[in-house]
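Student: sequence unavailable; structure follows:
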C-alpha cells in the first residue's frame, strides 16, 4: 500500500471515528498478527502511526 493510501485511510478513519480510530487500527493489527497475516498487520500499524501523527502530541 502506498504512503498516500495509508494517509487517506487514516484520515477517513479519524473523520468517521475520531480518536477511537487509533484503537481500532491497533485492534485490527493485533487480529492480523494473531492470524499470521504479518503484512496486513504491518499496514494497520502504519495506519495507526499515521493517525497518531494527525492527532498531534500529548498534552499534560
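Tutor: It's in. In this text the structure is predicted, and so the values were computed from the model without any measurement. Residues are numbered from 1 along each chain as shown.

Student: helices or strands up against the strand or helix carrying residue 16?
Tutor: Using DSSP states H and E, residue 16 falls within helix 3-17. Packing partners of helix 3-17 (3 or more Cβ pairs under 8 Å, 6 or more residues apart in numbering; DSSP states H and E): helix 20-34, helix 38-55. C-beta here means a position set from N, CA and C on the backbone, and glycine is covered the same way.

Student: with respect to residue 12, which of these lies nearest?
Tutor: Closest to residue 12 of the helices and strands packed on helix 3-17 is helix 20-34 (Cβ to Cβ; 8.8 Å).

Student: flag every buried residue along the closest one.
Tutor: By neighbour count with 16 or more other Cβ atoms under 10 Å, helix 20-34 contains the buried residues 21, 22, 24, 25, 26, 28, 29, 32.

Student: what of stretch 36-45?
Tutor: Buried-residue list, stretch 36-45, by 16+ other Cβ under 10 Å: 40, 41, 43, 44, 45.

Student: how far off centre is that stretch?
Tutor: 11 Å (Cα atoms, centre = their mean, to the nearest Å).

Student: what does stretch 35-45 give?
Tutor: Offset of stretch 35-45 from its chain centre (Cα atoms, centre = their mean): 11 Å.

Student: now the closest residue to residue 42 other than its chain neighbours: how far from residue 10?
Tutor: Of all residues not flanking residue 42 in the chain, residue 29 sits nearest, at 7.9 Å (Cβ to Cβ, 6 or more residues apart in numbering). Per Cβ to Cβ, to the nearest Å, residue 29 is found 13 Å from residue 10.

Student: many thanks, I have nothing further to ask.
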